[in-house]
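Participant: 3D, please:
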Amino acid sequence: MIVDLRSDTVTRPGQAMLEAMANAEVGDDVYGEDPTVNALEVEVAELFGHEAAVFTPTGSMANQIALQLLVPRGDELLCDSMAHVVNFEVGAAAALGGISTRTWTAPNGRLDVSLVEPMINRPNPYVTTTRAVAVENTHNIGGGTVQPLAELKALRELADAYGLALHLDGARVWNAHAATGVPLREYGRLFDTVSVCLSKGLGAPVGSLLITDAERAERGRVVRKRLGGGMRQVGYLAAAGRYAIANNITRLAEDHARARRLAEALEPYGICDASQVETNVILLRTPEIGKIAAAAAEQGVRISALASDWGRLLTHLDVDDAGIEHAVKVLGDLVR
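Facilitator: Okay, the predicted model is just below:
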């Protein structure tokens, strides 16, 4: 048995999704003529209460398009120090957008608006002007943390007071929605731009979307083309996304329950804190993480060793209850 817990990006399309892809009606998306892409963009924009969406091949591209729309070259983005946009997008904000970034420290990635306001630079000749704030929900390296709705609302009020834009890196916002019941539209109304991923918890093979107003979406298509993201008969991939949204959001609660089961089984060994598991991400803390990952892989359990003393497990639709029990046994034997 192979149980791959390295990420929720490792899923493969099931037969029903493959059939939806094979039967998709397609056209040239650069010309705006792919009906399946167009339908996906309309559906997702409506889910979040925005006017428009732009289909992109990756979440990093969706994020970087959003940042370029919100922050002029030479100006500044604020985000937390563990945010995906400054840690795992290979410096794209600076290299491609000419965007300066500053960060605050956020334990477990959780937003604390009181830390943001003192960092805001108003326009003057001596400092980099703050133009936008980015928030990640759920927070990947924070351990699947769900951002508190009250803090998000407070951030919106702060942004409005200072004339700032807000971007939501919502790669796993589906998980936040599943965990809390907060409507997607409620998350959407708090942000000027939202990126969502279809190839993580929802199980599509490829694809993300940038969600925003109609004017920004049109400019976003220009940036997408500039970044090499103009795609042709991409409706085959959009069909997978439409299937994923229709069928795989409600089942995310199963991933969360399995993550809690796994964390509770491993917690007695002192390598994780089950109380911190809010969605489908488990952080492991041990100086032996490299050895554990290598030994577990030999027994069919794949985990991510992300540094010398910590790693990560993610549950997803390709890991069932039997897979969790196998992981519990293998990892429990290795860390006991």
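Participant: helices along the stretch 201-336 of the chain, start to end?
Facilitator: All helices of the stretch 201-336 of the chain, identified by DSSP state H, counting those that start in this stretch, fall at 214-226, 235-247, 252-266, 289-298, 321-335.
Participant: residue 166: which of these is closest?
Facilitator: With distances scored as C-beta to C-beta, the stretch of the helices of the stretch 201-336 of the chain nearest to residue 166 is helix 214-226 (12.8 Å). In this view, the C-beta of every residue, glycine as well, is placed from N, C-alpha and C.
Participant: any chance of the helices of the stretch 201-336 of the chain in JSON lines with mean pLDDT and distance to residue 87 as columns?
Facilitator: JSON lines is the format used below for the helices of the stretch 201-336 of the chain (pLDDT from 0 to 100; distance: least, C-beta to C-beta, whole Å):
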{"stretch": "helix 214-226", "mean pLDDT": "98", "distance to residue 87": "22"}
{"stretch": "helix 235-247", "mean pLDDT": "98", "distance to residue 87": "26"}
{"stretch": "helix 252-266", "mean pLDDT": "98", "distance to residue 87": "22"}
{"stretch": "helix 289-298", "mean pLDDT": "97", "distance to residue 87": "18"}
{"stretch": "helix 321-335", "mean pLDDT": "96", "distance to residue 87": "26"}
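Participant: of all those, which one is nearest residue 34?
Facilitator: Ranking the helices of the stretch 201-336 of the chain by proximity to residue 34 (C-beta to C-beta) places helix 235-247 first, at 4.4 Å.
Participant: what's in contact with that closest one?
Facilitator: The set of residues that contact helix 235-247 without belonging to it, under C-beta atoms under 8 Å, 6 or more residues apart in numbering, is 13, 16-17, 20-27, 29, 34-37, 39-40, 43-44, 47, 55, 198, 202-207, 209.
Participant: just the buried residues of these.
Facilitator: Burial of those was assessed by neighbour count (16 or more other C-beta atoms under 10 Å); the buried members are 13, 17, 20-21, 24, 26-27, 29, 34, 36-37, 39-40, 43-44, 47, 55, 198, 202-207, 209.
Participant: show me the residues you listed that map onto helices.
Facilitator: Those of the buried ones among the contacts of helix 235-247 mapping onto helices are 17, 20-21, 36-37, 39-40, 43-44, 47, per DSSP state H.
Participant: these into JSON lines, with extra columns for pLDDT and distance to residue 130?
Facilitator: Formatted as JSON lines, these follow (pLDDT from 0 to 100; distance: C-beta to C-beta, whole Å):
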{"residue": "17", "pLDDT": "98", "distance to residue 130": "42"}
{"residue": "20", "pLDDT": "98", "distance to residue 130": "43"}
{"residue": "21", "pLDDT": "98", "distance to residue 130": "43"}
{"residue": "36", "pLDDT": "98", "distance to residue 130": "39"}
{"residue": "37", "pLDDT": "98", "distance to residue 130": "35"}
{"residue": "39", "pLDDT": "98", "distance to residue 130": "37"}
{"residue": "40", "pLDDT": "98", "distance to residue 130": "33"}
{"residue": "43", "pLDDT": "98", "distance to residue 130": "34"}
{"residue": "44", "pLDDT": "98", "distance to residue 130": "29"}
{"residue": "47", "pLDDT": "98", "distance to residue 130": "30"}
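Participant: give me the number of residues near the closest residue in space to residue 172 that isn't next to it in sequence?
Facilitator: Spatially, and ignoring its direct neighbours in sequence, residue 172 is nearest to residue 138 (4.4 Å; C-beta to C-beta, 6 or more residues apart in numbering). Neighbouring residues of residue 138 were enumerated by other C-beta atoms under 10 Å; the total is 27.
Participant: list the residues that contact residue 138.
Facilitator: Residue 138 sits next to 144-147, 172-173, 175-176, 179, 278-279, 281 when contact means C-beta under 8 Å, 6+ apart.
Participant: dump those residues to a markdown table, plus pLDDT.
Facilitator: As requested, the contacts of residue 138 are arranged in a markdown table below (pLDDT from 0 to 100):
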| residue | pLDDT |
| --- | --- |
| 144 | 97 |
| 145 | 98 |
| 146 | 98 |
| 147 | 98 |
| 172 | 98 |
| 173 | 98 |
| 175 | 98 |
| 176 | 98 |
| 179 | 98 |
| 278 | 98 |
| 279 | 98 |
| 281 | 98 |
